[in-house]
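1. I need the structure of the sequence given here:
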Amino acid sequence: GTDGVRGVAGKDLTCELALQIGRGTAAVLTSLDGHRPKILIGKDTRVSGDMLESTLAAGLCSVGADVELLGVIPTPGVAYLVRKYHADAGIMISASHNPMEFNGIKIFKGDGYKLPDEVENQIEAHVFNNCTDIRLAEGADIGRIKMCRTGVKDYVDFLQEHIDADLTGLKVLFDCANGASARVAQELFPRLGCECGFIGTQQDGVSVNDGCGSTHLETLEAAVKQGGYDCGIAFDGDADRCLACDENGAEIDGDKIIALVGTDMKERGRLDGNTVVVTVMSNLGFMKYMQSLGIETARTAVGDRYVLEEMRARGYAIGGEQSGHVIFLHHSTTGDGELTAGKLLKLLARKHREEGTKMSELNAVYTKFPQVLINLTADKEQKQAYKEDEYIATLPIGYADGFIRKNQGRKVYINGKYYEIVGRVCMDQMMVRVDENVKIGDQVEIFGEHISLESMAKDLDTISYEVLCLISKRVPRVYVQDGQVKELL
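-> Numbering: from 1, shown residues only. Below is the predicted model of the structure:
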């Protein structure tokens, strides 16, 4: 995949595959300069984590690498500790926000960034060859495994230093998604001075992301209102993302977090390039708000790796996704949910002390435009068929990667006026921004297809729309009506 390996543990992601990934990783790292590599392994709380940790470690050791086991720790913790401990690579076993039956393997190189494509391709080549081309270690050359018991403490110390906040006076509820953030959050945020409540702290192996965390924000929202908290923070299974809610239980997504913290960075002269980096999924309300403040926005394809690539290439300091992945390049090499939470709470604490500001006031900094997103589910076979489709292969740049460039500037016809396509959301979707007043019942013509805005408008009278339209002939065209997804007539 584009970000490591992920699948159902024991079915797609088997012990045999994990063993081969370990061997391939050790072989590639050893071949780079010939020395004996040291590899860190962290994991989230999934029951399959122990199984995959054991087989990965065995594969690494069988080719001569030494392994240090970090235990349960957030993904960004591995990215930090690989630098602090001068390791050659760090491996995280997690499926992030996915249900417990899934798991994944993500590899960081020694500088804390994800492996470049060419190195991943070398590992993949070994795996596809069943590692038959790799010489196995013997005798004293076999790698050794040891437990690292200082990882969580060192990571918490790092977060405390880089957040650098006094959160005294705040009462905050944290939802740890029954995942990797629980221990870190329970040590970190009381140190920073806020009155803390914690939910989603089970470590039973089967409850990760189950009705909790950033994918089920309703649990936190209800608990925050009931408990009289100033706000709530929700992490996902491996704590590389964070969402929030205000004291009224209203959601604060990644766009809003980037807007708030990015604006504060600009005021303090810390917004490098006067630019924030987001994806094509970001809401038009966010874009207009940034424009009103004179802050530039760079937009990438969906995926935090594309955000990070843009940030590193152009020297930008903050970027992220609506889903809550936020990267602070002054401090970290990857998205970090607990660092993000600390930066947001630091801003709230300061404004609360100085002006009595509530989180709901920060949340109201701009109004989100209505945004309709339709997800089409595809299994592994369908995704592979898409990649191998002969028609798609004939497109000049590749349908997925070249769609924006191929269609940008084409027009759609709405209410007697033309509007411009501004970007692609994902493989089979197109986003059309309509910065005009449009009334219920108006028809949108997309390349000859008429789509009623009424189903998108619900009970609103006159609004500005951000319309998401499906145009692929290879999937059913659909629309939303009364909460149901229906085929377009």
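2. residue 30 contacts residue 24, doesn't it?
-> No: if you go by C-beta atoms under 8 Å, residue 30 and residue 24 don't touch, sitting 10.9 Å apart. No exception for glycine: its C-beta is placed from N, CA and C like everyone else's.
3. of these two, which one has the most company?
-> When residue 30 and residue 24 are compared for neighbours, residue 24 comes out ahead with 25 against 19, by other C-beta atoms under 10 Å.
4. am I right that residue 361 sits in a helix?
-> Yes: with DSSP: H, G, I helix; E, B strand; the rest coil as the criterion, residue 361 is part of a helix.
5. how far away is it from residue 172?
-> 16 Å (C-beta to C-beta, to the nearest Å).
6. also residue 41?
-> Taking C-beta to C-beta, one finds residue 41 at 31 Å from residue 172.
7. among the two, which residue is more densely surrounded?
-> More crowded of residue 41 and residue 172, by other C-beta under 10 Å: residue 41, with 27 against 24.
8. report the beta-bridge partner residues of the more buried one.
-> residue 69, residue 91 (DSSP bridges).
9. for it, give me its contacts.
-> Residues near residue 41 by C-beta atoms under 8 Å, 6 or more residues apart in numbering: 53, 56-57, 67-70, 90-93.
10. 10 Å - rerun?
-> Shown in contact with residue 41 (C-beta atoms under 10 Å, 6 or more residues apart in numbering): 22, 49, 52-54, 56-57, 60, 67-71, 73, 78, 89-93, 105, 145, 148.
11. by mean pLDDT, flag the weakest helix or strand of the chain.
-> Counting by mean pLDDT, DSSP states H and E, the chain has its least confident helix or strand at strand 462-470, which shows a mean of 33.
12. what's the closest non-adjacent residue to the residue nearest the centre of the chain?
-> Nearest to the geometric centre of the chain sits residue 325, at 3.9 Å (C-alpha atoms, centre = their mean). If the residues on either side of it in the chain are set aside, residue 325 comes closest to residue 335, at 3.9 Å by C-beta to C-beta, 6 or more residues apart in numbering.
13. repeat for residue 222
-> residue 249 (6.6 Å).
14. do residue 10 as well
-> residue 48 (6.6 Å).
15. next, give phi and psi for that neighbour.
-> phi -80, psi -10 (degrees, to the nearest 10).
16. my read: it touches residue 99, true?
-> No: counting by C-beta atoms under 10 Å, residue 48 sits too far from residue 99 to count as a contact (11.6 Å).
17. of the two, who's got more company?
-> residue 48 (21 against 14).
18. which residues touch the more buried one?
-> 8-10, 13, 15, 18, 93, 95, 100-103, 205.
19. so which of those are in strands?
-> Within these, residues falling in strands by DSSP state E are 8, 93, 102-103.
20. need the residues you listed in JSON lines with pLDDT and distance to residue 365, can you?
-> Listed next are the ones in strands among the contacts of residue 48 as JSON lines, based on pLDDT from 0 to 100; distance: C-beta to C-beta, whole Å:
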{"residue": "8", "pLDDT": "94", "distance to residue 365": "41"}
{"residue": "93", "pLDDT": "98", "distance to residue 365": "38"}
{"residue": "102", "pLDDT": "96", "distance to residue 365": "35"}
{"residue": "103", "pLDDT": "97", "distance to residue 365": "38"}
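21. residue 348 and residue 293, how far apart?
-> According to C-beta to C-beta, residue 348 stands 19 Å off from residue 293.
22. who's more crowded, these two?
-> Applying other C-beta under 10 Å to residue 348 and residue 293 shows that residue 348 carries more neighbours, namely 25 against 14.
23. check which helix or strand covers that one.
-> Assigned by DSSP states H and E, residue 348 belongs to helix 337-355.
24. now that helix: buried residues?
-> 337-349, 351-352 (16 or more other C-beta atoms under 10 Å).
25. from the residues you listed, pick the one nearest residue 84.
-> Closest approach between the buried residues of helix 337-355 and residue 84, by C-beta to C-beta: residue 339, at 15.1 Å.
26. test my guess that that closest one contacts residue 158.
-> Yes: between residue 339 and residue 158 a contact is recorded at 8.9 Å, counting by C-beta under 10 Å.
27. overlap of the contact sets of these two?
-> Common contacts of residue 339 and residue 158 (C-beta under 10 Å, 6+ apart): 76, 80, 188, 331-332.
28. from these, which land in helices?
-> 76, 80, 188 (DSSP state H).
29. quick one: contacts for the last one?
-> Okay, so that is residue 188. Here residue 188 is in contact with 152, 155-160, 163, 174, 181, 196, 338-339, 341-342 (C-beta under 10 Å, 6+ apart).
30. return the set of buried residues in stretch 154-172.
-> In stretch 154-172, counting by 16+ other C-beta under 10 Å, buried: 154-156, 158-160, 162-163, 165, 167, 170-172.
31. out of the residues you listed, list just those in helices.
-> Using DSSP H, the buried residues of stretch 154-172 in helices are 154-156, 158-160, 162-163.
32. identify, from the residues you listed, the entry nearest to residue 298.
-> residue 162 (23.6 Å).
33. and the closest residue to that closest one other than its chain neighbours, how many neighbours does it have?
-> In space, and not counting its chain neighbours, residue 162 is closest to residue 331: 4.4 Å by C-beta to C-beta, 6+ apart. Residues contacting residue 331 under the criterion other C-beta under 10 Å number 19.
34. just residue 35 next, same as before
-> A count of nearby residues for residue 35, using other C-beta under 10 Å, gives 10.
35. so it makes contact with residue 88?
-> Yes: Residue 35 lies in contact with residue 88 (C-beta under 10 Å); the separation is 8.1 Å.
36. need the residues touching each of the two.
-> Common neighbours of residue 35 and residue 88 (C-beta under 10 Å, 6+ apart) are residue 29.
37. quick one: the residue of the chain positioned farthest from its centre from residue 64, how far?
-> No residue in the chain sits farther from the centre than residue 139, which is 42.2 Å out by C-alpha atoms, centre = their mean. Taking C-beta to C-beta as the measure, residue 139 falls 11 Å from residue 64.
38. can you pull out the helices in the stretch 201-350 of the chain?
-> 217-227, 254-267, 284-292, 304-314, 337-355 (DSSP state H, counting those that start in this stretch).
39. buried ones in the third one?
-> With burial defined by 16+ other C-beta under 10 Å, the residues of helix 284-292 counted as buried are 284-287, 289-290.
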